[in-house]
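**Student:** Everything below, folded, please.
(one chain, ligands or ions: 1)
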Amino acid sequence: MNVLIIGCGYVGSAVAKYWQQKMTLVITVTTTTPERVLELENIAEKVVVLQGSDRAALESALHGQDCVLLSIAPNRGISYADTYLKTAQTVSEILKKSSVKQIIYTSTCSVYGDKNGALVDEETPTEPRNENQKILQETEQVLLTELKDKLRVCILRLGGIYGENRELVKIYSRVAGQTRPGDGSEPSNWIHLDDIVGAVEFARHYHLQGIYNLVDDANLLNREVIARVCETHNLPQVTWDNSQPSNRNYNAKISNQKIKDAGYKLIHPQMIF
Ligand SMILES: NC(=O)c1ccc[n+]([C@@H]2O[C@H](COP(=O)([O-])OP(=O)(O)OC[C@H]3O[C@@H](n4cnc5c(N)ncnc54)[C@H](OP(=O)(O)O)[C@@H]3O)[C@@H](O)[C@H]2O)c1
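**Tutor:** So this is what the prediction gives:
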């Protein structure tokens with residue numbers, strides 16, 4: 001099987017390494033950065049330098065592929081529209097007439113927007129709160145509607161990503177001892193990198209299609225996670241200032257029941273502090 005990973009950053013590289021070690025897949029990956037080619041040649045058969053909006057380059061990279069993982073995130077100074085939307089539009093145009101059988105896209109739970117902390121599942125309407133969230137919602141829609149009936153489209157809506165080299169303590173050490181706006185009562189919704197890799201492979205192997213949330217079982221509030229990180233690593237605790245509005249970009253408790261019902265077993269159901 002030939003697989004193409006469009007966007008080989010933190011998530012894409014981990015999936016490429018896993019596929020290279022455990023599966024008999026022929027892996028091609030993309031980067032926008034020529035300086036990364038040497039490094040990526042260690043985890044893929046072929047490395048292509050391209051922008052997701054470059055139709056000719058993408059058409060050539062997609063030729064002969066069976067499965068595509070789309071896992072892009074904006075580089076510094078580049079807009080969400082130029083990154084997510086233009087890539088999704090270009091990929092969709094090409095995939096409509098290609099041999100690719102499945103695309104797996106790593107989206108985000110933030111598309112749910114502000115649900116006042118309520119439990120949401122994949123049937124809950126998304127409610128983008130800002131321009132970037134609108135772009136992310138539109139990106140999902142482009143893939144789902146343009147490619148409907150043409151190939152399997154699997155959208156994994158990820159919680160906050162942590163894992164090797166992106167540990168919670170690295171993420172939160174700079175807020176330790178500070179006062180944060182709000183009361184930290186929003187659900188935190190995290191997912192470990194190992195489970196992203198596990199779920200991508202599960203989606204590929206079992207030909208999943210449709211939207212699947214991907215978060216762990218921890219069900220902790222934002223303030224509980226930060227308190228546990230500070231406690232575990234002997235950092236000064238954060239205080240909360242309820243007189244200021246929270247700066248969290250979404251507020252919903254994400255259900256992971258659908259992917260579990262499909263048979264996926266979380267590697268890290270509880271968080272690693
Ligand atoms: N961070 C979180 O907590 C979080 C939460 C929920 C969902 N997500 C989603 O998870 C996914 C993976 O995130 P990540 O942490 O792996 O991101 P990352 O490490 O920043 O990697 C992003 C990759 O996208 C590539 N890229 C950027 N612009 C591109 C373009 N215009 N065309 C083609 N490729 C482009 C980058 O190329 P270069 O190699 O040139 O840098 C890089 O390889 C993203 O879709 C993100 O939205 C993240």
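**Student:** helix/strand/coil for residue 83?
**Tutor:** For residue 83, the assignment made with DSSP: H, G, I helix; E, B strand; the rest coil gives helix.
**Student:** which residues touch residue 2?
**Tutor:** Taking Cβ atoms under 8 Å, 6 or more residues apart in numbering, we find residue 2 in contact with 25-26, 28, 64-67. Using the backbone N, CA and C atoms, a C-beta is placed for each residue, glycine as well.
**Student:** can you check residue 38 too?
**Tutor:** Contacts of residue 38 by Cβ under 8 Å, 6+ apart: none found.
**Student:** would it count as being in a helix?
**Tutor:** Yes: under three-state DSSP, residue 38 sits within a helix.
**Student:** Kindly provide the distance from it to residue 31.
**Tutor:** Applying Cβ to Cβ, to the nearest Å, the value for residue 38 to residue 31 is 11 Å.
**Student:** do residue 211 as well
**Tutor:** Taking Cβ to Cβ as the criterion, residue 211 is separated from residue 31 by 27 Å.
**Student:** which secondary structure element contains the residue nearest the centre of the chain?
**Tutor:** In the chain, the centroid-proximal residue (Cα atoms, centre = their mean) is residue 106; its distance is 3.7 Å. Assigned by DSSP states H and E, residue 106 belongs to strand 102-108.
**Student:** And for the protein, the residue most distant from the center?
**Tutor:** residue 243 (32.3 Å).
**Student:** Now that one. Its backbone dihedrals?
**Tutor:** For residue 243, the backbone dihedrals (degrees, to the nearest 10) come out as phi -80, psi -10.
**Student:** any idea how far residue 116 is from it?
**Tutor:** 19 Å.
**Student:** how about residue 116, secondary structure?
**Tutor:** strand.
**Student:** How about it: what's its closest non-neighbour residue?
**Tutor:** Distances taken as Cβ to Cβ, 6 or more residues apart in numbering put residue 251 closest to residue 116, at 6.2 Å, once the chain neighbours are dropped.
**Student:** interface residues of this protein facing the ligand?
**Tutor:** By Cβ under 6 Å from any ligand atom, the part of the chain that sits against the ligand consists of 6-12, 30-33, 36, 51-52, 71-75, 83, 87, 106, 108, 158, 160-161.
**Student:** Produce a PyMOL select command limited to the buried residues of the residues you listed.
**Tutor:** PyMOL command restricting the residues of the chain next to the ligand to the buried ones, with burial defined by 16 or more other Cβ atoms under 10 Å:
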select buried, resi 6+7+8+10+11+12+30+31+36+51+52+71+72+73+83+87+106+108+158+160+161
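**Student:** dump the residue contacts of the residue nearest to the centre of the chain.
**Tutor:** Contact partners of residue 106, counting by Cβ under 8 Å, 6+ apart, are 11, 69-71, 156, 158, 196, 200.
**Student:** and if you look at residue 113?
**Tutor:** 126-129, 133, 250-252.
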